[in-house]
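# sharing a sequence plus its predicted fold:
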Amino acid sequence: MPSVYLLRLGDTALRHTRSQLLGASGMELAGSGGNLTDALPEIADLAPDIVASDLRLFDAHAMRVALELGRL
C-alpha cells in the first residue's frame, strides 16, 4: 500500500485532506505538515512513496519543495 506525506499550507486544508486520505482505501498516511523546513527530516525518516504538496507553503514554493525532495 503506498504511503503519502501531505504538505498543505493551511491547517483547515491539512485536516480536511488528512481525513479524506484516512478514509480512502489503498493509501496510507505517512505524515503531514505545513512547513517544509520542519517536514524534511520527517520525510527523510519515513521515506513515503508520495509527497503531496501545495504549490506554496509557509516557508517554500513548489520549486524549493522539488529541489529539497530531490536531494533526499
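Here it is on my side, so go on.

# max-length helix in this protein?
When every helix of the chain is counted residue by residue (DSSP state H), the longest turns out to be helix 11-23.

# show me what it is packed against.
Helices and strands touching helix 11-23, by 3 or more C-beta pairs under 8 Å, 6 or more residues apart in numbering; DSSP states H and E, are strand 3-7, strand 28-33. Using the backbone N, CA and C atoms, a C-beta is placed for each residue, glycine as well.

# quick one: L7 from S25, how far?
23 Å (C-beta to C-beta, to the nearest Å).

# of these two, which one has the most company?
Per other C-beta atoms under 10 Å, whichever of L7 and S25 has more neighbours is L7, with 25 against 5.

# so how far is N35 from the nearest residue to that one once chain neighbours are set aside?
Distances taken as C-beta to C-beta, 6 or more residues apart in numbering put S53 closest to L7, at 3.9 Å, once the chain neighbours are dropped. Spatial separation of S53 from N35 under the definition C-beta to C-beta is 11 Å.

# and the gap between H16 and S32?
Where S32 is concerned, H16 sits at a distance of 11 Å (C-beta to C-beta).

# between these two, which one's more packed in?
When H16 is set against S32 and neighbours are counted by other C-beta under 10 Å, the residue ahead is S32, at 18 against 12.

# in contact with the more buried one, which residues?
By C-beta atoms under 8 Å, 6 or more residues apart in numbering, the contact set of S32 is 5-8, 14, 17-18.

# so the residue at the greatest distance from the centre of the chain, which state does it fall into?
Of all residues in the chain, the one whose C-alpha sits farthest from the chain's mean C-alpha position, using C-alpha atoms, centre = their mean, is S25 at 18.2 Å. With DSSP: H, G, I helix; E, B strand; the rest coil as the basis, S25 sits in coil.

# and which of the contacts of S32 is nearest P41?
Nearest to P41 among the contacts of S32, counting by C-beta to C-beta, is Y5 at 11.9 Å.

# the closest one and A44 touch, don't they?
No: the pair Y5 and A44 does not pass the contact test of C-beta atoms under 8 Å, sitting 10.5 Å apart.

# so those two - more neighbours on which side?
Comparing Y5 with A44 by neighbour count (other C-beta under 10 Å), the higher total belongs to Y5, at 21 against 12.
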